[in-house]
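> Structure of the sequence below:
(3 chains)
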Amino acid sequence: MASFREFRGNDGFGGEAWKALCRVRESAPLIQCITNFVSMDIMANTLLAAGASPAMVHAVEEIAEFTALSNALCVNVGTLSAEWVFAMKVAAYRANELNKPWVLDPVGVGDTKFRTESCLELIALRPAVIRGNASDIVAAIRASSALPPKGVDGTIPAIDALEAAKELARVSQSIVAVTGVVDLVTDGKRVLGVSNGVALMQQITATGCAVTALIAAFVAVHPAHSLEAAAFALALFGLAGEIGMEKSNGPGSLRVHLLDALHSLDEVFFQPD
Amino acid sequence: MASFREFRGNDGFGGEAWKALCRVRESAPLIQCITNFVSMDIMANTLLAAGASPAMVHAVEEIAEFTALSNALCVNVGTLSAEWVFAMKVAAYRANELNKPWVLDPVGVGDTKFRTESCLELIALRPAVIRGNASDIVAAIRASSALPPKGVDGTIPAIDALEAAKELARVSQSIVAVTGVVDLVTDGKRVLGVSNGVALMQQITATGCAVTALIAAFVAVHPAHSLEAAAFALALFGLAGEIGMEKSNGPGSLRVHLLDALHSLDEVFFQPD
Amino acid sequence: MASFREFRGNDGFGGEAWKALCRVRESAPLIQCITNFVSMDIMANTLLAAGASPAMVHAVEEIAEFTALSNALCVNVGTLSAEWVFAMKVAAYRANELNKPWVLDPVGVGDTKFRTESCLELIALRPAVIRGNASDIVAAIRASSALPPKGVDGTIPAIDALEAAKELARVSQSIVAVTGVVDLVTDGKRVLGVSNGVALMQQITATGCAVTALIAAFVAVHPAHSLEAAAFALALFGLAGEIGMEKSNGPGSLRVHLLDALHSLDEVFFQPD
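Predicted coordinates:
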């Protein structure tokens, strides 16, 4: 049976992750998402399965009021346009003003000038957490540091991006989560590692986007401990993937069973091996 | 085995609902949807599973012609923006002009000034049916009556929103459906109740949006009986959820099996218990 | 057990289709999609299940750079607006400039003046492949030829649209794929037929859109053989539907198992019956 995996001496992490999930379920934080069109369905369903409450709201006419109602904000630039990036910045600014945490998923930063600049402007608004795969995190720090973006590809293992993540965390003063076979979360000094999950999750579109929204939900209930909150979300989503995998024959069924497993996570999974 | 549940003396309702579903399957009404991005997939799949034909069309350049081709219109303000609200109003106006029924899902009315005003402007265009959860319906009537919106939360049971629904029906001259554990449909005087469905359906994003589109399909084939048509759609969607629940382990699998069940609904389910 | 079906003497087609799939899996072509909101999720998941890499990118600010990164472009007008049609044209123009193949799905061409004109402008930009159902292809050639659009309905069998497809291929200098119970692909002279697939696939929203994106992936790895590449994609998607159907009870489960089957396609399915 799948069970929570401790990593690099995160002792007691399983029990804390379980308590954090219980807090999400009890308080059902309202997570405002300004995200890409591909991810809308799986992101909302992931938040619901974890016990949070999703709201996809992007109209600038209502952001000032709506961000005030929400408990955290999730911004994802996947299908960005000038109009949506403006809304993202307004919402991030408003979240900061109200002292609400927000998280950023800089999808494809480095791929185009427009995307890179939009991401850098968002990073300058100090997200609590930045989550990306290794190539996104490496591209973000290269762009932040005005290093040449050449040579970046999508196959960098998370572990090799650790130095980039630490540097990005120091520059941005955000927690940085770099996800892959192993997920690493850092504040620039401390590093938490998470090794839950199965490779097939990457064959389901927008699982990365969905887990970023889940990070927002966990940060909403643990605003003073964003490093741990991000690691909990990554670990629980990965664990749900492992449990779901037991019943799955491919990416279609894994998507279904992952959501079922996330909804059904029970204390028993969080006992150390 | 799940079976159609009569409620509050709707005698013979099961047989009529079955006949209505047969009419949807035979005539495959074309339902134009101007809806939120989260709901697009499940709304289209729900309409297809019921035998209707979905078309998501929102460009003002083509609404005049396209609304004329369609049999009913479904408007949902979930991820509204100024541009989309304008398209919604143009389409509602055109539907009225052509004497085609349209239904409104005022998601989150009351949450922000922009959303509330947009919904009130749409309600003024006389939808055949307004469908919302209890808090939406209470917020809609408070906004319509210029009552203070304070104190509204999402946990009001449908039954407690009945007076609000009746009042909204009288003010708007629309059928009002308020959904929850029990669904109530009213024209301001008569009330039909539906108690099909399972609680887990609320953990799947956009099931409420999807059933509003299904109401549009049933109203399309029963334009003179919107009250009954709305109740049929709610009951059949709930019944599909009950049947689907028998094979499900969580919200991921329920979404799959609900669609299968809706597609496979058979006369046998409509016999009284 | 489902197996690849040869059609009209396409001898050896199964083995070639298998090799083409292997090439997609090995090279993981990056497919830029500018597509309708309904199809985003299933299109991305279809591309991933086949081994390709999807990217939904529509902002004009980044098209010049992003189209240069991609291996092929998929354009689908389903939920078109003036702004998106402009982006589609910019991307198609850029793809041509860079000698990258692009495919067009002219959803609902003929339904409205705006949609028809948008499609004709896109067709004039010379897509490698145009994919539609019979009514779309008939409507496209009528519009191209300034023939009256009357009398077109959605129930025309693909086989009856063959002459329209050949004519459209000659006029547009594109490969034209007309899909239905039987899929036909033509360059105006040669015709390949594919008879894989199950009827229930049409009850899942955006399966037609998804297979158009799959055609883009196959054309990306076989740019000099678009006719065959389109037929391979149609046959493999249909075969995945047949295999998925064996475990399915309706459109909800077929969507899941189709993706699993596409991901798991194995050489054994490609032996002649």
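
> So which residues of chain A form strands?
Counting by DSSP state E, chain A has strands at residues A:30-34, A:53-56, A:72-76, A:102-105, A:129-133, A:175-179, A:183-186, A:191-194.

> who touches the residue nearest the centre of chain A in this structure?
Centre of chain A computed as the mean C-alpha position; nearest residue by C-alpha atoms, centre = their mean is residue A:212, 1.9 Å away. Residue A:212 sits next to A:74, A:76, A:103-105, A:129, A:131 when contact means C-beta atoms under 8 Å, 6 or more residues apart in numbering or on different chains. C-beta: built from backbone N, CA, C; applies to glycine.

> which bits of the stretch 1-150 of chain A sit near chain B?
The interface of the stretch 1-150 of chain A toward chain B, taken as C-beta under 8 Å from any C-beta of the partner chain, is made up of A:37, A:40-41, A:44-45, A:48-49, A:54-59, A:61-62, A:65-66, A:69.

> try 7 Å this time
A:37, A:40-41, A:44-45, A:48-49, A:54, A:56, A:58-59, A:61-62, A:65-66, A:69 (C-beta under 7 Å from any C-beta of the partner chain).

> Which members of these are classed as buried?
Neighbour-count burial (16 or more other C-beta atoms under 10 Å in any protein chain shown) applied to these gives A:37, A:40-41, A:44-45, A:48-49, A:54, A:56, A:58-59, A:61-62, A:65-66.

> With chain C as the reference, measure out to residue A:21.
Using C-beta to the nearest C-beta, to the nearest Å, residue A:21 is found at 26 Å from chain C.

> swap in residue A:261?
15 Å.

> List, one by one, the residues from chain A near chain C.
A:36-38, A:41, A:78-82, A:111-115, A:203-205, A:249-253, A:256.

> repeat that with 6 Å
Counting by C-beta under 6 Å from any C-beta of the partner chain, chain A comes close to chain C at A:37-38, A:41, A:79-81, A:112, A:114-115, A:203, A:205, A:249-253, A:256.

> Can you show me the CA trace of stretch A:176-190 as CSV?
In CSV, the C-alpha atoms belonging to stretch A:176-190 read as follows (Å, rounded to 0.1, in the frame of the first residue of the first chain):
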residue,chain,number,x,y,z
VAL,A,176,10.6,28.3,-4.2
ALA,A,177,9.4,24.8,-5.0
VAL,A,178,11.0,22.9,-7.9
THR,A,179,9.1,19.8,-8.9
GLY,A,180,10.0,16.7,-10.7
VAL,A,181,10.8,13.1,-9.7
VAL,A,182,11.9,14.6,-6.4
ASP,A,183,10.3,17.9,-5.3
LEU,A,184,12.5,20.4,-3.5
VAL,A,185,11.2,23.4,-1.5
THR,A,186,13.6,26.1,-0.2
ASP,A,187,13.6,29.5,1.3
GLY,A,188,17.2,30.0,0.1
LYS,A,189,18.7,28.3,3.2
ARG,A,190,16.6,25.4,4.4
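
> got the contact list for that stretch?
A:130-131, A:133-134, A:137, A:157-159, A:161-162, A:165-166, A:168-170, A:175, A:191-195, A:227, A:230-231, A:234 (C-beta atoms under 6 Å, 6 or more residues apart in numbering or on different chains).

> what is the mean pLDDT for it?
For stretch A:176-190, mean pLDDT rounds to 95.

> so where is the stretch 101-250 of chain A shaky, pLDDT-wise?
Applying pLDDT under 70 to the stretch 101-250 of chain A flags the ranges A:146-159.

> Tell me which residue in it sits closest to chain B.
residue A:244 (8.0 Å; C-beta to the nearest C-beta).

> Quick check: the gap between the closest residue to that residue other than its chain neighbours and residue B:260.
Spatial nearest neighbour of residue A:244, excluding adjacent residues (C-beta to C-beta, 6 or more residues apart in numbering or on different chains): residue A:257 at 3.4 Å. Distance, residue A:257 to residue B:260, using C-beta to C-beta, to the nearest Å: 16 Å.

> before we move on, what about residue A:217?
Residue A:217 is 30 Å from residue B:260, by C-beta to C-beta.

> For these two, indicate the residue with more neighbours.
Counted by other C-beta atoms under 10 Å in any protein chain shown, residue A:217 and residue B:260 do not tie: residue A:217 has more neighbours, with 32 against 21.
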